[in-house]
Structure formats: structure tokens, C-alpha cells
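> Need a 3D model of the sequence below.
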Amino acid sequence: MPGLQKLFEPIGIRGLEIKNRLVMPSMVTNLANEDGTVSPELLEYYGTRADGGVGLIIVEAEAISWQSRGFTHQLCIHDDAMIDGLRRLTDRVHQGGAKIASQIIHCGRQTSSAIPGTTPVAPSPIPSLFGEIPRELTVDEILAIQDDFAAAAGRARRAGFDAVELHGAHGYLITEFFSPFSNHRTDRYGGGLRERARFAVETIQKAREEVGPDFPIFMRISAAELVDGGLTLQQMKVMAPMLVDAGLDAIHVSIGNASTPGGLSSATMDIDVAPLVPYAEQIKSVVTVPIIAVDRLHDVFLAEQVLQEGRADLIAMGRQLLADPETPRKALEGRFDDILPCIACNQGCMGKLVENKTVTCLVNPTCGRELEWKLAPAARAKKVVVVGGGPAGMEAARVAALRGHEVTLIEKEDRLGGEFLVAGMPHTKQAILPAISWLAAHVEDAGVQIELNSEATPEDIGSRGAEVVVVATGAKPAWPRIPGLTAENTVEARDVLMGRRAIQDRVVVVGGGATGLEVAHYLSLLGKEVTVAEMTDTLGADMVMWRKYWALKALEDRQVNTLCNARVVAVENECAVVERDDGSKSALPGPVTLVLCSGYAPTGGQWGSTEALAGEVHVVGDASIARSALEAMYDGARVGRMI
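Numbering: from 1, shown residues only. Predicted structure coming up:
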């Protein structure tokens, strides 16, 4: 472990010995059974991360009562009947060599009544993002919820957990009491800092009475909420010592609530790495217990640096352990190039949870499917030809080769990556590039025969004697029928991002989806005068909400002109004519270059019915339906296992 001495140094917290400083933080998966019990899928998900070498796993938020849930398939710890399933979970994680903590939660106002079946409750009747007004808790109800937290902590100990973490961050119930944004009470649980901290202080004290003196209690906090009228860092620096005095043994420092712009508690690739370390450092300066830092600390050398500088005592790697569960083990063994990096896209993790679906990962489609997608050798080795070296083609080729098939991958460009490579060109998305390099290297390591600069046709494939053909040829930009549109005044987005075409100083980006917004920002940085024309009333409709926020902010900062309900209807005298929904037209001054970002047409149709092909043909990724890299990688992983 060259250069990583601190990261792999053990640490003791109230008698709990953790073998290294790497923590998997709590992340909801929606993998639990509908009744809140541990499912086989959840067991395998956590077991895989334990096997990967992490020191401590903090299990996803477990509801302390049926009414306190925020997700339909949320893990629960509200009843003694849950203990047997949770015991299986703790045994499995211990078998993998990790310690395990239970994070317990009451979602408060940050849930929908459709989930618990009752009106949400909160310190004060302040509407949530769901638009519902929660019911204000009575003092008796507050005391009962504190008892629920304590009882849940006791169950966690009986179920074999090594510690318990109270969820006091991200706008859930404990945070709601901390925050002047959500706590407008005038009794002993509201008003000044000590009063707003009282709910948490008493909850910690009750939990300590329940679990005894030798069981660690952590709390995850939002060091600041970054919303108008919300909790500030200075306020939390006053409250944090009160929590330690009440019996806390470690503090896990995050920020924000559901109203915080841009989702900074799970920062996307648009944000610099380690954005929350300064908050962890500030909380560490006022308490004596260990501090866990979190968020975009996916690089082990960066994590080591934070520890060496004394800015935190442990490092939480969440999304990185979704991307590569073996990150700790690989780092310990010095296999740094073998670590698959998280790209902080938030599509498979946070994005799927917003859709109330189970967690997954763009670069690791096996995430959330560990039980279903165990890699098994093929019953018979087949000759497989994959056409197209984008994400779907590379993943299909890699998985098929690992299963024992003889695989050839044909790519018309001089390098692998396809549209995924193009997507990584803007500076805000260059986190994608290391993942492409990893995938390309592992395609080769799996034994795939790679042919670059090769344009395949159905007839060529037929002559190779392939038994299986995987068509991953992607999609072509759709050229709209616009009078005056020519090859001279129009370019495709990929040619702009790859630097293949010179363009005018005035640019109209046709289409305001993810590609259009990213191209517009890229061109604005080159000094171009950019207008985005989107035919619908919404920009970035195909983006996860967090990336959309930062994309729109970037355009605003660069003063990019954006037009919704507008379409380019002609190019006349080197000007772009734009028509609005009300029928009005205006000419954007020229000379202008149009950049097409208005849709893609799949290319796979020509392959399916060609007699020269083998009997088994699979069309994957954008070649089937133009979608995102998340679906493309899933397609490739699925087909690689089917062959």
C-alpha cells in the first residue's frame, strides 16, 4: 500500500476496532423487501462490499417506525421481528471482514404520505418538497419518537451491529429540529441553539441508556444547509459539542437538505472533488471525537491526503464502492490502475432512487444485481463478434470473454469509447475519461481481439463464421428538414466536441437536452456567442436533477441565450430563423453555425434481417434505442451474460 499508511491504519472508537479508515456510508438502495426486512439481494449487495476490504459499513437508513419511512422498500428496524434478518446481514458482513453499523432514521417531513400511509410529522408545519404540510408534533409525540430511536438502537445491538448511527442530516427529522429553516417551535424544542439541539441530545442520551456504555453511537449531521434561513456552519459548530457531551462517539459530516440547490451532499462531476472536507475540518476543530469526511473522496490518494493533513479521521466512500466494491482491497494490494472510478454522474444511484427504483451504477451495472448477475462460465464457448466499441459494445465483449467465449470487437474509430468518449470531452465531464480507459483496458485483459479503424458490414461479419453477433453501432444524429440547412453551415455535436470542425463565432445549438446544454457551455468557453433553441418548454429534460441544476447555472453564468418553445425553421442569408409557439418569427444574426443536438436515430435496424449473419443476433445500446450510457452499459452487461 505505497503512500497509503494512514488510510489503512486501524482506529478504535469506544472499544470498536476498525481495520482501516475507509467507511461505506449509508445509501438507500430500495433492495429491502416491501415489509422492510432483509432480502437476499440486499444481503449479497452488502456482502460484496464487505468482501472488498472496507473497514466499516454503515447500513442504509433503517426506519425506526413504519410511519417514519421515506421509501417503499426501505429497510426497517421498528420491530423485534426484524432482528433475525438483520442478524443474517451482520453475520454476512462480519464474514467478509468488515465491521457494520446500523443507521437509524425518522424521515419527518421529507416523505410523502403515500409511503407511510399517514400525514408526515415534523417540528413545525412547514411544507416539504412533496408539497404536503406535515403535522406539528406534540411534546408527548416527540418523547415517543425519542423512545423509538432508543429501542431501534437496542435492536441494532441485539442484531449484531457493532455501532449505531443516528441520521441527523439531509433534512430528516433530527435535522429538522436543528434547523431554523424547519423548526419554528416556541417551546423547549425550538428557539435558540440549545433548544433546537435538545431533541438530538435527549435522543442520544436515551439511546445510550438502551445500548449501554460500551457500544459506539455516531451521528450523521448536516454541517450547514445552504438554504435561506437554514442551519449554518457556525450554528452547528456550537451544537456539535453538545452532541458529544450527550454521548456521541463519532460525527459523520455532510451538508444540505432536500431543498439545497444542486444536491451537494452527493456532488456530481460538475463539482470539484472533496467539496465537503472543509466542513468536516471545521466540525473537527470543536470536538474531540473522530470525524468522518464524505463526498467525492473516491480517489484513495486524495483520501490519504485528507487524513495526513488531519482534516478528518475516517473517509466515507459511497458511490465509489458502488462503482468498484473492491476499491479498498485493490488499493491495499497496490493495484491502483485496476480500480474502476466513480464518475459522479448520479444516474444509477441517486437518479434511480428518485424514480423509486433500486440502486445501480452506470459504470458497474452489476451493482444492485449482485445475486442475479453472478458471472458464470458459458455452457459452451462460442465465436462472438461485437460491432461497435462504445459502452454497450465494450461491456458486452468484456463480459462474454470473461465467461469463456472467443470474442472479436470491431470499431470504426481509432480508439474505443464511442459516444461515451465524446461525452467526456467537456471539462465538466472529464471524470468519464478514466472510466473509459478502465473499460477499454479490461476489454483487452479479458482476451477480446480488438480491431480498430475497421468498418464492418453485415456481409463481412457473415464471412467470419460468427455464431453470435452483437450489434452496438450506436445512433446517428437526426438531421431535421430545415430549408437552408447545409453541410457547410451545420455540424453534429460529436464533431464539435472532438474538434473535427471549425465553426462560426455565432452558434445556434438545436436542441436543449443534456448534449445541447453541454455543447453550448463548451462553446461559450471558447468565446462563441451561443443560443440554445429547444422546441419544448423544458431544458435538460433528460438529465438527473442535480446535473441539470449545474448545467443551467453554468449557462447562466456564461450568459448563454436559451430559448424554449422555439424551433429553427430556416437558414436564410446566413441567419437562423426561429419560430416560437405563438407563431412569431425572428432571425438570429449570422453568419451562424447550427450544431445539431436534437435527437438520434438508431443504426441497428440494418443488421437484424441480414441473411449473412449468424443465427443469434443481439442489438444493444443506442443501436436499438437511443438512450443514455446507463442503459447502454446495462444492455451490454445483460447480453454478455445471455450468450
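
> all contacts plus neighbour counts: C-alpha atoms, from now on.
Will do.

> all strands of the stretch 401-550 of the chain, in order?
All strands of the stretch 401-550 of the chain, identified by DSSP state E, counting those that start in this stretch, fall at 406-410, 449-451, 468-471, 475-477, 490-492, 506-510, 529-533.

> The last one - contacts with which helices or strands?
Counting contacts by 3 or more CA pairs under 8 Å, 6 or more residues apart in numbering; DSSP states H and E, strand 529-533 is packed against strand 506-510, helix 514-525, strand 561-563, strand 566-572.

> about what we covered before: take the strands of the stretch 401-550 of the chain and write them to a markdown table, including distance to residue 99.
Formatted as a markdown table, these follow (distance: least, CA to CA, whole Å):
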| stretch | distance to residue 99 |
| --- | --- |
| strand 406-410 | 41 |
| strand 449-451 | 42 |
| strand 468-471 | 43 |
| strand 475-477 | 46 |
| strand 490-492 | 51 |
| strand 506-510 | 52 |
| strand 529-533 | 51 |
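
> Can you flag the weakest of those by average pLDDT?
Mean pLDDT per stretch puts strand 475-477 lowest among the strands of the stretch 401-550 of the chain, at a mean of 88.

> Tell me how many other residues crowd residue 376.
11 (other CA atoms under 10 Å).

> Residue 403 is in contact with that one, correct?
Yes - counting by CA atoms under 8 Å, residue 376 does reach residue 403; the two are 6.3 Å apart.

> shaky segments in the stretch 151-300 of the chain?
For the stretch 151-300 of the chain, applying pLDDT under 70 flags no range at all.

> how about residue 278, secondary structure?
Applying DSSP: H, G, I helix; E, B strand; the rest coil to residue 278 yields a three-state assignment of helix.

> Can you report how many residues neighbour it?
Residue 278 - counted by other CA under 10 Å - has 14 other residues nearby.

> likewise residue 504?
14.

> ditto for residue 516
For residue 516, the neighbour count with other CA under 10 Å is 25.

> what does the model give the nearest residue to it once chain neighbours are set aside for pLDDT?
Leaving aside its chain neighbours, residue 516 sits nearest to residue 597 (5.2 Å; criterion: CA to CA, 6 or more residues apart in numbering). We have a pLDDT of 91 for residue 597.

> How about residue 301?
97.

> And the one 10 residues further on, by the same measure?
Among the per-residue scores, residue 311 holds a pLDDT of 98.

> Residue 349 versus that one, what's the distance?
Distance from residue 311 to residue 349, counting by CA to CA, to the nearest Å: 27 Å.

> now, of the helices and strands packed on strand 529-533, which is deepest in the fold?
Neighbour counts (mean count of other CA atoms under 10 Å) averaged over each of those peak at strand 506-510, with a mean of 25.

> which residues touch that one?
516, 519-520, 528-534, 567-568, 576, 589-598 (CA atoms under 8 Å, 6 or more residues apart in numbering).

> if I pick residue 395, what's in contact with it?
439, 443, 633, 636, 637, 640.

> if you set the cut-off to 6 Å instead, what comes out?
Applying CA atoms under 6 Å, 6 or more residues apart in numbering to residue 395 gives the contacts 636, 637.

> Next, it: secondary structure please.
Residue 395 - assigned by three-state DSSP - is helix.

> circling back: more crowded one of residue 311 and residue 349?
In this view residue 311 and residue 349 are compared by other CA under 10 Å, and residue 349 has more residues nearby, 25 against 21.

> how about low-confidence regions in this structure?
Scanning the chain with the threshold set as pLDDT under 70 gives 1-2, 608-614.

> Which of the helices or strands spans residue 165?
strand 163-168 (DSSP states H and E).

> Could you point out the helix or strand that follows that strand?
helix 173-178.
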